[in-house]
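Colleague: sequence unavailable; structure follows:
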């Protein structure tokens, strides 16, 4: 068994155990493998172990990797899903619109409008999540919680996007209870939007929160998608890739 295959098994076991404790079906939580800084060979190894959804932070690196993986012989002919989970600058929206299946870090209407306008006509609508600054940190990305509903209403009207949910990247919290508390704040915003009655929310079903170190607290708080990088691929060696 390869290291990545073994790691995936351990992460799935953690998810399953937490789902059992929370009386949730294990199928209610999707694993997004965060492959940033790892090459196409590592992605292929994860695919061979059954993983199909991948998250990338650095857009140009991701575009090159997506092309490299596409050229590889992959099992079963299954399509992979690529999620942009890094900050999206205005000059990178076209790359995201043309190459990704999901954009999880939309926090401004301007970015959403550009993604919608630049989504190629032959592609399915781009799935998007609103990134919420659930901690309220002044230097962090994400819309403020009190502005999330208005942004959801505006994004849901755009023609080439499908608003799927919200995502959050809270600061590290010391221990399960503190992690759970901050994730519950994000879950409350998700529920507020979900029951709002806004048009365009037929597929609003994704609460993306939780990473390697806090996935138990995130799943217990209601996460439907955990974003795990080092827990799957191992420790990273960082360089300075182009965003």
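Modeller: Looks like it came in fine. Since we're looking at a predicted model, the values are computed, not measured.
Colleague: where does this protein dip in pLDDT?
Modeller: The chain contains residues with pLDDT under 70 at 76-78, 137, 139, 237-243.
Colleague: let's see it at 80
Modeller: The chain contains residues with pLDDT under 80 at 1, 73-78, 136-140, 236-243.
Colleague: now the strands for it?
Modeller: 30-34, 53-56, 81-84, 102-106, 126-131, 161-167, 206-208, 225-228 (DSSP state E).
Colleague: between the fifth one and strand 102-106, how many degrees?
Modeller: If I follow you right, that is strand 126-131. Strand 126-131 runs at 30 degrees relative to strand 102-106, counting by axes from the mean of the first three to the mean of the last three C-alpha atoms, to 10 degrees.
Colleague: related to what we said a few turns ago, among the strands of the chain, which is nearest residue 196?
Modeller: Counting by C-beta to C-beta, residue 196 lies closest to strand 161-167 out of the strands of the chain; the figure is 11.5 Å. To be clear about C-beta, it is placed using only N, CA and C from the backbone, and glycine gets the same treatment.
Colleague: I'd like the strands of the chain written out as CSV, with mean neighbour count added.
Modeller: Formatted as CSV, the strands of the chain follow (neighbours: other C-beta atoms under 10 Å):
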stretch, mean neighbour count
strand 30-34, 23
strand 53-56, 23
strand 81-84, 23
strand 102-106, 25
strand 126-131, 25
strand 161-167, 25
strand 206-208, 25
strand 225-228, 25
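Colleague: could you dump the ones you listed into CSV and include distance to residue 66?
Modeller: Formatted as CSV, the strands of the chain follow (distance: least, C-beta to C-beta, whole Å):
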stretch, distance to residue 66
strand 30-34, 14
strand 53-56, 8
strand 81-84, 6
strand 102-106, 13
strand 126-131, 14
strand 161-167, 20
strand 206-208, 20
strand 225-228, 17
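Colleague: out of those, which gets nearest to residue 70?
Modeller: Closest among the strands of the chain, using C-beta to C-beta: strand 81-84, at 10.1 Å.
Colleague: direction included, what does the closest one pair up with?
Modeller: Its sheet considered, strand 81-84 pairs with strand 53-56 (parallel), strand 102-106 (parallel) by DSSP bridges.
Colleague: got the contact list for that strand?
Modeller: Contacts with strand 81-84, where a contact means C-beta atoms under 8 Å, 6 or more residues apart in numbering, come from 32, 52-56, 59, 62, 66, 96, 99-105.
Colleague: what's the spacing between it and its chain's center?
Modeller: Centroid separation for strand 81-84 versus its chain: 7 Å, with C-alpha atoms, centre = their mean, to the nearest Å.
Colleague: contact partners for residue 86?
Modeller: Applying C-beta under 8 Å, 6+ apart, the residues contacting residue 86 are 36, 56-59, 105, 243.
Colleague: just to revisit the earlier point, which one of the strands of the chain lies closest to residue 192?
Modeller: Nearest to residue 192, of those and by C-beta to C-beta, is strand 161-167 at 9.8 Å.
Colleague: that closest one: partners in the sheet, and parallel or antiparallel?
Modeller: strand 126-131 (parallel), strand 206-208 (parallel).
Colleague: can I get the ones you listed in CSV with distance to residue 6?
Modeller: Listed next are the strands paired with strand 161-167 as CSV, based on distance: least, C-beta to C-beta, whole Å:
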stretch, distance to residue 6
strand 126-131, 30
strand 206-208, 25
